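# got a structure for you, letters missing:
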């Protein structure tokens, strides 16, 4: 069992490492050098998402083949309640993606623009933060009023409210939870670098890093309007 724990932990770390590397500005800059800015902006996000799904699927298949042991199994009404909460957080995350823009989030808009032959294609929005509104402030509505990282925070109850928990699933969840926390802190740095004062104002608002129990209106100090920035 110990070997399985080590194997699933190492495999999850490798999965997270590839995911982080490809999300880095260094990798994106290298893609521009290798393929040109237009091709990079057209294909990078779809490629990133497809690879993320493929590597996650490979990780799941690898984990299934390893020896495992059940920790607990919840049944009946309790299991249904756990599943309802999981579904609720899936909807919560989809709502957050909707604010960013589904087509932008998955890179479809850029891919379509490339295939149409448009000469200039903007890169995808930086990280998974809210976009700027017309006044130059962060558009902190919907899930972005309850969390500065709703797409990250929303994964946690989905992972941990499993009616059946095994050792391998628990190890995967532990490593992934740590990765999500570290990634969210890093994401804040990227968002500040791109959006500047607008994101600093958002950090000072009532919206917490991961979760605001009572979503209040974000403080919206007056700042000069600015154009939407992509990175």
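Noted; the coordinates are in hand. Worth saying up front: this structure is predicted, and the values here are computed from it rather than measured.
# Show me what the one helix or strand in the chain whose mean pLDDT sits lowest is packed against.
The helix or strand with the lowest mean pLDDT-type score in the chain, counting by mean pLDDT, DSSP states H and E, is helix 102-105 (a mean of 82). Under the contact definition 3 or more C-beta pairs under 8 Å, 6 or more residues apart in numbering; DSSP states H and E, helix 102-105 sits against helix 108-115. Quick note: C-beta positions are derived from backbone N, CA and C, even for glycine.
# Strands along this protein, start to end?
70-73, 164-166 (DSSP state E).
# list the helices and strands the longest one packs on?
Applying 3+ C-beta pairs under 8 Å, 6+ apart, we find strand 70-73 packed against strand 164-166.
# Could you list the buried residues of the least confident helix or strand of the chain?
104, 105 (16 or more other C-beta atoms under 10 Å).
# what does that helix contact?
97, 108, 109, 110, 112, 124, 125, 128 (C-beta atoms under 8 Å, 6 or more residues apart in numbering).
# Give me the buried subset of these.
By 16+ other C-beta under 10 Å, those give 97, 109, 110, 124, 125, 128 as buried.
# which one of the residues you listed is nearest residue 29?
residue 124 (14.1 Å; C-beta to C-beta).
# Against residue 189, how distant is that closest one?
Using C-beta to C-beta, to the nearest Å, we find residue 124 at a distance of 18 Å from residue 189.
# Over to residue 59?
For residue 59 relative to residue 189 (C-beta to C-beta), the value is 27 Å.
# In terms of neighbours, single out the busier of the two.
Taking residue 59 and residue 189 together and counting by other C-beta atoms under 10 Å, residue 59 has the greater number of neighbours (17 against 11).
# ok, for the more buried one, nearest residue in space, not its chain neighbours?
Excluding the flanking residues, the one nearest residue 59 by C-beta to C-beta, 6 or more residues apart in numbering is residue 15, at 5.0 Å.
# so who does the one you found touch?
55, 56, 59.
# ok, the second one - how many residues close by?
Translated: residue 56. Neighbour tally, residue 56, other C-beta under 10 Å: 12.
# Skip the chain neighbours and tell me the closest residue to it.
Residue 56's closest residue in space is residue 15 (C-beta to C-beta, 6+ apart), at 6.9 Å.
# Nice, that's everything, thank you.
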